[in-house]
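Chemist: The following block contains a protein sequence and its predicted model.
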Amino acid sequence: MNSMEATPGKSALLDSSIVIHHLRVGSNLFHQLSTFTDLYLPNIALAELYFGAYRSVRVEKNLLQIKEFLEQVILVFPDDETSKTYGRVAANLAQRGKIIPQNDIWIASIALQLDLSLFTLDRHFEYIDGLEIMLW
């Protein structure tokens, strides 16, 4: 599924860290997040998942896991507005001396743009003003 418009109601954006945890340990992520209307995955997080799969010793197994996972989420892509949000967030972090991975700034920018809670294992997202995070 592909969309840039969040569906009205309670929705969430998934960071790659939470997806990797789900795929590795078999957590019941979808059951635990069943109260959410829609679950979104940024294409940046998808790229990180593919990177991990191609670096692994079980490439085909991991690619299949990703394919099956994608059937249960809505994939979202950055646009011009995301780029503006990225610039604002990155500048704010730099001014405060808070350095986080560039991919995570993109992920946070999509969450802010679409007004979605971000589910993650990474605490550094707490440095981003206005971002609602839910730590796993």
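Modeler: Thanks, I have it. Residues are numbered from 1 along each chain as shown.

Chemist: Mind picking out the helix or strand in this structure with the poorest mean pLDDT?
Modeler: Every helix and strand in the chain was compared by mean pLDDT, DSSP states H and E; the lowest is helix 29-32, with a mean of 73.

Chemist: Show me what counts as buried in it.
Modeler: Leu29 (16 or more other C-beta atoms under 10 Å). Heads up, the C-betas are built off the backbone N, CA and C, glycines and all.

Chemist: So which elements touch it?
Modeler: Judged by 3 or more C-beta pairs under 8 Å, 6 or more residues apart in numbering; DSSP states H and E, the packing partners of helix 29-32 are helix 16-25.

Chemist: If you count contacts, what does the helix it packs on end up packed against?
Modeler: helix 29-32, helix 43-55, helix 59-70, strand 117-120.

Chemist: Okay, buried residues for the second one please.
Modeler: It refers to helix 43-55. Counting neighbours by 16+ other C-beta under 10 Å, helix 43-55 gives 44-46, 48-49, 52-53 as buried.

Chemist: Please apply the same query to stretch 119-133.
Modeler: Under 16+ other C-beta under 10 Å, the buried positions of stretch 119-133 are 119-120, 122, 125, 127-128, 131, 133.

Chemist: quick one: Glu126 and Tyr54, what's the gap?
Modeler: 30 Å (C-beta to C-beta, to the nearest Å).

Chemist: count of residues packed around the residue nearest to Ile110 when sequence neighbours are not counted?
Modeler: Spatial nearest neighbour of Ile110, excluding adjacent residues (C-beta to C-beta, 6 or more residues apart in numbering): Pro42 at 4.8 Å. By other C-beta atoms under 10 Å, 27 other residues sit near Pro42.

Chemist: Verify the stated contact: Tyr50 with Ile66.
Modeler: Yes: counting by C-beta atoms under 8 Å, Tyr50 does reach Ile66; the two are 6.7 Å apart.
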